[in-house]
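Engineer: below are the sequence and a predicted model for it; my questions follow.
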Amino acid sequence: MTYADAIGPLTLFFLMTVVGIQLTLEDFRRVLGAPKTVLVGTLGQILLLPLMTWAVVSSLRLSPEFSAGAVILAASPGAGMSNVMAAIAGAHVALSVTLTAISSILAVVTLPAITGLGMSVFLGDGVDVEVPVDRLMIQMLLFLLLPILAGMLLRARLGEGVQAAVPWINRLAIVGIVALSLFSGATGDMELPRGSALALAAFGAALWTVLAMGIAWGLGTLLDLDADDRFTFLVEFSARNIALAFIVAVSSLGRLELGLFAGVYALVGYPSVIALSMLRGRWKRAR
């Protein structure tokens, strides 16, 4: 592994450690004390996001490849980076971590079922979709569980005084997010569509992101959640695991074109969630 190959994983590990610094066991106890919130947040992603995706790609008449790729993205679990976004935004970090972990575990079953259905609807292919369970579990271990535990242990050793440094730590995390995004873009080798096809796909990805946010906020409102919990829902629903979606499209299905929608979403939708999280964090600090 070269130094360049290590930059992305090390940056992500650092970012997730920052998340752990802002967590305690009591935070998770409060989450477990509200099982209805976790249940609705999980089922909402599994059931409502694919339905919304079908409505978007059908109304825009995207190509079958883009449509099937959008389903793969919707079926993918929440991104680990959603936890960092929740921390930067001053939202409910423990709820974010819990929803990410549960959706990642359930993805072993839900991702192939939903993706297989999407392939049948849009491509007419009756294929078996294999989820890279080993890679998914490694992602959860190395970039969710271990760094968050490390951050929590660091907080336990340094005491509550570390909380005074959280605003500065989150500013450093923002720099890390930007660096990680630029690094991912510079090292990516996926060729995106051009011209009108790219414009339509970009509009579709932006619309998908906005509607995912709306669904999340609406569910949070129905549950009468506070603003922090609702924003956590918003991030979890709209920030998907792009890497896993692309791996399923290319490695499992062997079709690069099925990863194109995820690539366009990485340029349009994902940065929008990051920007919104940063703006909310600035707003909360200003208050």
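Structural biologist: Done, it's in. Since we're looking at a predicted model, the values are computed, not measured. Residues are numbered from 1 along each chain as shown.
Engineer: any stretches of the stretch 1-150 of the chain with poor pLDDT?
Structural biologist: Scanning the stretch 1-150 of the chain for pLDDT under 70 picks out 1-8, 125-129.
Engineer: and the strand or helix carrying Ala107, what does it pack against?
Structural biologist: Using DSSP states H and E, Ala107 falls within helix 93-122. In terms of contacts (3 or more Cβ pairs under 8 Å, 6 or more residues apart in numbering; DSSP states H and E), helix 93-122 is packed against helix 25-32, helix 35-43, helix 49-60, helix 64-75, helix 81-89, helix 133-140, helix 227-238. In short, each C-beta sits where N, CA and C put it, glycine included.
Engineer: by contact count, what packs against the fourth one?
Structural biologist: What that stands for is helix 64-75. Looks like helix 64-75 contacts helix 49-60, helix 93-122, helix 195-222, helix 242-247, helix 260-286 (3+ Cβ pairs under 8 Å, 6+ apart).
Engineer: gap between it and the chain center?
Structural biologist: Chain-centre distance of helix 64-75: 16 Å, with Cα atoms, centre = their mean, to the nearest Å.
Engineer: and the helices and strands packed on helix 64-75, which is most packed in?
Structural biologist: helix 242-247 (a mean of 22; mean count of other Cβ atoms under 10 Å).
Engineer: residues contacting it, please?
Structural biologist: With Cβ atoms under 8 Å, 6 or more residues apart in numbering as the test, helix 242-247 has contacts from 69, 72-73, 76-77, 79, 107, 111, 132, 135-136, 139, 190, 259, 262-263, 265-266, 270.
Engineer: redo that, cut-off 7 Å
Structural biologist: Residues from elsewhere that reach helix 242-247 (Cβ atoms under 7 Å, 6 or more residues apart in numbering): 72-73, 76-77, 79, 132, 135-136, 259, 262, 265-266, 270.
Engineer: closest one to Thr37 out of these, please.
Structural biologist: Each of the contacts of helix 242-247 was checked against Thr37 using Cβ to Cβ; the closest is Pro77, at 17.6 Å.
Engineer: return the most buried member of the helices and strands packed on helix 93-122.
Structural biologist: Among the helices and strands packed on helix 93-122, ranked by average contacts under mean count of other Cβ under 10 Å, first place goes to helix 81-89 (a mean of 29).
Engineer: for the helices and strands packed on helix 93-122, which one sits closest to Arg287?
Structural biologist: With Cβ to Cβ as the measure, helix 227-238 is the member of the helices and strands packed on helix 93-122 nearest Arg287 (11.4 Å).
Engineer: with just CA atoms, put that closest one into PDB.
Structural biologist: Output of helix 227-238 as PDB, limited to C-alpha atoms (Å, rounded to 0.1, in the frame of the first residue of the first chain):
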ATOM      1  CA  ALA A 227     -35.100  19.300  15.800                       C
ATOM      2  CA  ASP A 228     -31.800  17.400  16.500                       C
ATOM      3  CA  ASP A 229     -33.400  14.000  16.000                       C
ATOM      4  CA  ARG A 230     -35.200  15.200  12.900                       C
ATOM      5  CA  PHE A 231     -32.000  16.500  11.400                       C
ATOM      6  CA  THR A 232     -30.400  13.200  12.300                       C
ATOM      7  CA  PHE A 233     -33.100  11.400  10.300                       C
ATOM      8  CA  LEU A 234     -32.500  13.800   7.500                       C
ATOM      9  CA  VAL A 235     -28.800  13.000   7.300                       C
ATOM     10  CA  GLU A 236     -29.200   9.300   7.700                       C
ATOM     11  CA  PHE A 237     -31.800   9.000   4.900                       C
ATOM     12  CA  SER A 238     -30.100  11.300   2.400                       C
END
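Engineer: what helices or strands is it leaning on?
Structural biologist: Judged by 3 or more Cβ pairs under 7 Å, 6 or more residues apart in numbering; DSSP states H and E, helix 227-238 is in contact with helix 35-43, helix 81-89, helix 93-122, helix 195-222, helix 260-286.
Engineer: reformat the ones you listed as JSON lines; add distance to Leu253.
Structural biologist: As requested, the helices and strands packed on helix 227-238 are exported to JSON lines (distance: least, Cβ to Cβ, whole Å):
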{"stretch": "helix 35-43", "distance to Leu253": "25"}
{"stretch": "helix 81-89", "distance to Leu253": "24"}
{"stretch": "helix 93-122", "distance to Leu253": "8"}
{"stretch": "helix 195-222", "distance to Leu253": "19"}
{"stretch": "helix 260-286", "distance to Leu253": "12"}
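Engineer: quick one, which of the ones you listed is nearest to Leu51?
Structural biologist: helix 195-222 (9.4 Å).
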